[in-house]
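Enquirer: after the sequence you'll find the predicted model.
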Amino acid sequence: MKKKYLFLIIIFCVTTISAQKQNSAYLNYIEKYHETAEIQQREYGIPASITLAQGLLESGAGISRLAVDANNHFGIKCHNWQGEGIYVDDDLKNECFRKYKSAIDSYEDHSAFLVNGKRYASLFNLNPTDYESWAYGLKNAGYATDPTYAYKLISIIEDYQLHKYDTKKDAQPERDPKTREIIYKKPKTVDYQEFSMGVINPYGEHEILQNNGVKFVIAVKGDTYGSIADELRISEKKLLQYNEIDVKTPLLAGQRVYIKAKKKKAAKGIDTYTIRRGDSMYSISQEFGVKIQSLYDMNKMPYSEGAKEGKILKMR
C-alpha cells in the first residue's frame with residue numbers, strides 16, 4: 001500500500017512540474033485555435049500540430065505586433081499579395097507583411113500559401129501526422145531562415161502535446177486526377193467560438209532579474225538563445241548581441257542571459273575587481289553586466305590579452 005501511495009505522489013509531482021513549465025499564453029492560444037488548425041488538416045492534409053506550432057512561434061502566441069496589428073499569425077510577407085500590408089523590420093528594414101481582416105483569414109491564407117507554393121509540394125506526400133518530417137521539410141524548403149526552426153517546432157509540439165490534434169491519419173489534400181496537382185478550395189464555413197486570451201505574462205516562464213540595471217534571465221536545462229528570444233519576443237540576433245556571443249556558442253544551464261545591452265561601467269561602489277583563477281574577460285563582463293570592450297578600454301588592455309589571475313581591473 002505504501003508503494004502505491006509513493007507512486008501516486010511521484011506521478012503528481014511530475015505532472016505538477018510539467019504543468020508549471022507550460023506557458024499560459026501558449027495554452028490559451030491552443031485552446032482558441034486548435035479547431036481552426038484541425039480544419040486546415042482535414043481540408044489540405046497539413047498537420048494540425050504543425051499549423052498550431054507555427055502560429056505559436058511566429059506570432060508569439062498571438063501577441064506579436066504582426067498578430068495584433070495585422071492578424072498575421074504566420075509571418076507571411078507580401079510577395080504576390082494583392083491585399084493590405086504592414087511594414088515591420090525583419091531580415092531587412094521596413095519589410096512588407098500581409099495584413100488580414102481576421103486571424104481565421106490568416107490561417108486560411110497560410111494553408112493556401114503552402115498548398116500553392118511549389119517549394120512546399122513535397123510536403124504533401126508526407127503523412128499528415130508525421131510532424132517531425134513536416135518540421136524539417138518546412139525548414140529545408142526555406143520557410144524560415146532560423147537554422148533551429150525545425151527543432152523549435154518539434155519542441156513546441158511535444159511540450160504541449162499538439163500531436164493529439166493530428167486526428168486524420170490518412171487525410172490527404174484533394175488532387176486533380178489528371179495533373180495530380182493539389183486542388184485548393186476554401187474551407188467549409190464553421191462557427192468559430194472565440195475564447196478570451198486572458199492576462200498574458202509577456203515574459204513567459206523565466207523570471208526577469210536585474211544586474212547593474214540591466215535585465216537578464218537565468219538559463220535552465222534545454223534552453224537555447226533562440227528559445228529564450230522567442231519566449232521574450234526579442235530577435236535572436238539582438239539577444240546574441242546583448243550577450244556578445246555568436247550563434248554557435250552553447251548555452252549552459254545557470255548562465256545569465258541579458259535581454260538588454262550591458263553597461264559601459266559597473267554599478268556604483270564597484271570600482272575595481274581582482275581577477276580570480278578561472279575568470280575570463282567574458283565571464284567578468286557577464287558577472288558585472290559590463291560590455292567586454294568597455295572593460296578593455298577602461299584598463300587600456302590590448303584585445304588579444306586575456307584575464308590574468310591577480311590583475312586588478314578598473315570597473316568604473
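Expert: Sure, I can see it.
Enquirer: and stretch 152-167, C-alpha only, in CSV?
Expert: Output of stretch 152-167 as CSV, limited to C-alpha atoms (Å, rounded to 0.1, in the frame of the first residue of the first chain):
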residue,chain,number,x,y,z
LYS,A,152,11.7,24.7,-32.2
LEU,A,153,8.5,23.5,-33.9
ILE,A,154,9.1,19.9,-32.7
SER,A,155,9.8,21.1,-29.2
ILE,A,156,6.6,23.1,-29.1
ILE,A,157,4.6,20.2,-30.4
GLU,A,158,6.0,17.8,-27.9
ASP,A,159,6.0,20.2,-24.9
TYR,A,160,2.3,21.0,-25.5
GLN,A,161,1.3,17.6,-26.9
LEU,A,162,-0.1,19.2,-30.1
HIS,A,163,0.1,15.9,-32.0
LYS,A,164,-3.1,14.9,-30.2
TYR,A,165,-4.9,17.2,-32.7
ASP,A,166,-3.5,15.3,-35.7
THR,A,167,-6.5,13.0,-35.8
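Enquirer: run the chain-centre distance for that stretch.
Expert: 14 Å (Cα atoms, centre = their mean, to the nearest Å).
Enquirer: list the contacts of it.
Expert: Outside stretch 152-167, the residues within contact range by Cβ atoms under 8 Å, 6 or more residues apart in numbering are 21-22, 26-27, 30, 34, 37-38, 41, 47-50, 52-54, 56-57, 128-129, 131-132, 135, 138, 146, 226-227, 230. (C-beta placed from N, C-alpha, C; glycine too.)
Enquirer: quick one: buried residues of that stretch?
Expert: Buried residues in stretch 152-167, counted by 16 or more other Cβ atoms under 10 Å: 152-157, 160, 162-163, 165-166.
Enquirer: ok, and the closest non-adjacent residue to the residue positioned nearest the centre of the chain?
Expert: Against the mean C-alpha coordinate of the chain, by Cα atoms, centre = their mean, the closest residue is residue 230 at 3.2 Å. The shortest distance from residue 230 to any non-neighbouring residue, by Cβ to Cβ, 6 or more residues apart in numbering, is to residue 57 (6.3 Å).
Enquirer: tally of neighbours for residue 254?
Expert: Neighbours of residue 254 under the rule other Cβ atoms under 10 Å: 9.
Enquirer: still on that earlier bit, pull the contacting residues for the residue nearest to the centre of the chain.
Expert: Residues near residue 230 by Cβ under 8 Å, 6+ apart: 57, 60, 152, 236.
Enquirer: show me what the strand or helix carrying the first one is packed up against.
Expert: Here residue 57, judged by DSSP states H and E, is contained in helix 48-59. Using 3 or more Cβ pairs under 8 Å, 6 or more residues apart in numbering; DSSP states H and E as the contact test, the elements touching helix 48-59 are helix 24-44, helix 65-70, helix 103-116, helix 131-140, helix 149-159.
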